[in-house]
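> can you look at this prediction? I've put the sequence above it.
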Amino acid sequence: MARIDWGSHGRGKWGCSYKRITLIVCSINIVVALYVLHCLYSSVYNYSNANTSSQDIVKHTPDQLRRMEESVRIRKAAEPIELVKVVENFTAVLAEQKRITKLPPHLKQMIRDEILQQLKTLPAKANTTEQREAVENWRDAKLHEARLLILGEQNVTLTISSDDAALLVEAMESSWSSFMEVIGLWIPPAVIHKEHDDKPPGIDELEEDLLAGRPVPPECHAELHTDYDGVAVKWGLTHHKESAADCCQACFDQASRAKPGEMKCNVWVYCPSEAGCYSPDIYEHKHQECWLKFSEKPKLNFKDKYSETYRSSHPGAPLVVPWVSGVLSA
């Protein structure tokens, strides 16, 4: 009888099966892993696309669109545009004045004295325009000398250091009106000098309403509906008084306290109207402004009322001159 070797036959048959099973299991694991990764990636991609699509397809009703547009309009209308402009202008002015105030006191005093000396050389009948031209000519000459001094030139009349000359140029090249205010001087803008003797009808009824407050003393020589010319020693835009009498007293006080060589107030101009007072310059003149001026021979800017010719060329001018002025006796 033949003998069968079961062990050898079993090893040959099942030995190969182990390797095959191992390979099959590994292959299945790899396929499953790839499938799981594919599913995860597809889920994330589909989720992001779904969100994007949902955002893109959002539609608003006409009423919702109208409300959104109204909301945007209200928000824009509520923006303080004018306030922002005022703040920007105010900030620019402050920065400008801060730059000017860097001038040392001795330099300010020198400039003030030279300008006053320049004004004293003018004829007694010199008007505001002539005074402004004289000061502007002095400024141009002084700037030229200061620049030469900075460059190291020796033949200049300025007796200051090059550092002071640099500060002088920086200050004088900025706003000239602000510069004059900081050093304590100011010349009003040029205006038309006209005197009108024709008093408008009903002016007597207006006089009692114009001068509120305590009575003006006789020595103030108050003239209703009158605007006198002169070099300002106190700027009215920032100098307010409760009455014309107080404005006149401020003129007396300034003259009594003025140092030798300084201009003494002998003309006061006051705005008694609550609606403000008209003037042909760029400023807005408000109630209770008190201008203190100096003039060797005071001249009238305007008297009683503005002429028809003047009002036709200046549409903003009222009929009656709103200011109250007075010339103090020497």
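Received the coordinates, thanks.
> ok, C290 - how many residues close by?
23 (other C-beta atoms under 10 Å). Bear in mind the C-beta positions are built from the backbone N, C-alpha and C, glycine included.
> in contact with it, which residues are there?
234, 236, 239-241, 246-247, 250, 268-271 (C-beta atoms under 8 Å, 6 or more residues apart in numbering).
> show me which of those are buried.
For these, a burial check counting by 16 or more other C-beta atoms under 10 Å picks out 234, 236, 241, 246-247, 250, 268-271.
> include distance to A222 when you put these into TSV, please.
Formatted as TSV, the buried ones among the contacts of C290 follow (distance: C-beta to C-beta, whole Å):
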residue	distance to A222
K234	18
G236	16
K241	13
D246	12
C247	10
A250	14
W268	9
V269	11
Y270	9
C271	13
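> restricted to strands, list these.
Members of the buried ones among the contacts of C290 lying in strands (criterion: DSSP state E): 234, 268-270.
> can you tell me which of these is closest to I111?
Relative to I111, the closest of those is K234; by C-beta to C-beta it sits at 18.6 Å.
> contacting residues for the residue lying closest to that closest one once chain neighbours are set aside?
Nearest residue to K234, sequence neighbours excluded (C-beta to C-beta, 6 or more residues apart in numbering): L292, at 3.7 Å. When contacts are counted by C-beta under 8 Å, 6+ apart, L292 touches 232-234, 236, 239, 247, 250-251, 254, 265, 267-268.
> and P315, which of the three is it?
coil (DSSP: H, G, I helix; E, B strand; the rest coil).
> how close does it sit to S279?
Using C-beta to C-beta, to the nearest Å, P315 is found at 14 Å from S279.
> higher neighbour count, these two?
Using other C-beta under 10 Å, the more surrounded residue of P315 and S279 is S279, with 25 against 6.
> which is the succeeding secondary structure element to the one helix or strand in the chain whose mean pLDDT sits lowest?
Least confident helix or strand of the chain, by mean pLDDT, DSSP states H and E, is helix 203-210 with a mean of 44. Next in sequence after helix 203-210, counting helices and strands by DSSP states H and E, comes strand 222-224.
> that next one pairs with which strands, parallel or anti?
If you go by DSSP bridges, strand 222-224 pairs up with strand 324-327 (antiparallel).
> so what touches the partner strand?
210-211, 216, 220-228, 244, 248, 251, 266-272, 298.
> same thing but 10 Å
207, 210-211, 216-217, 219-230, 243-244, 247-248, 251, 266-273, 277, 291, 293, 295, 297-298, 300-303 (C-beta atoms under 10 Å, 6 or more residues apart in numbering).
> list the buried ones in stretch 247-262?
Buried residues in stretch 247-262 (16+ other C-beta under 10 Å): 247-252, 254-255, 262.
> wait, I meant stretch 136-154
For stretch 136-154, by 16+ other C-beta under 10 Å, it's 138-139, 142, 145-146, 149.
> same thing with stretch 269-288?
Applying 16+ other C-beta under 10 Å to stretch 269-288 flags 269-273, 277-280, 285, 288 as buried.
> tell me which of these has the lowest pLDDT.
Note: of the buried residues of stretch 269-288, the lowest pLDDT belongs to P280, at 83.
> surely that one and P318 touch.
No: applying C-beta atoms under 10 Å, one finds P280 not in contact with P318, separated by 11.9 Å.
> can you list residues touching both of the two?
With C-beta under 10 Å, 6+ apart as the test, P280 and P318 both reach Y306.
> now the contacts of strand 324-327: which count as buried?
For these, buried by 16+ other C-beta under 10 Å: 210-211, 216, 220, 222-230, 243-244, 247-248, 251, 266-273, 277, 291, 293, 295, 298, 300-303.
> which residue ranges of the chain form strands?
222-224, 226-228, 231-234, 267-270, 290-294, 300-303, 324-327.
> Serialize those strands to a markdown table and add fields for distance to L65.
Listed next are the strands of the chain as a markdown table, based on distance: least, C-beta to C-beta, whole Å:
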| stretch | distance to L65 |
| --- | --- |
| strand 222-224 | 62 |
| strand 226-228 | 58 |
| strand 231-234 | 59 |
| strand 267-270 | 58 |
| strand 290-294 | 58 |
| strand 300-303 | 58 |
| strand 324-327 | 60 |
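> quick one: closest of those to I115.
strand 231-234 (10.1 Å).
> what packs against the closest one?
Applying 3 or more C-beta pairs under 10 Å, 6 or more residues apart in numbering; DSSP states H and E, one finds that strand 231-234 makes contact with helix 128-150, helix 244-257, strand 267-270, strand 290-294.
> now with 8 Å?
Strand 231-234 sits against helix 244-257, strand 290-294, with contacts defined as 3 or more C-beta pairs under 8 Å, 6 or more residues apart in numbering; DSSP states H and E.
> give me the sheet partners of the last one and which way each runs.
Looking at strand 290-294 with DSSP bridges, its paired strands and their directions are strand 231-234 (antiparallel), strand 267-270 (antiparallel).
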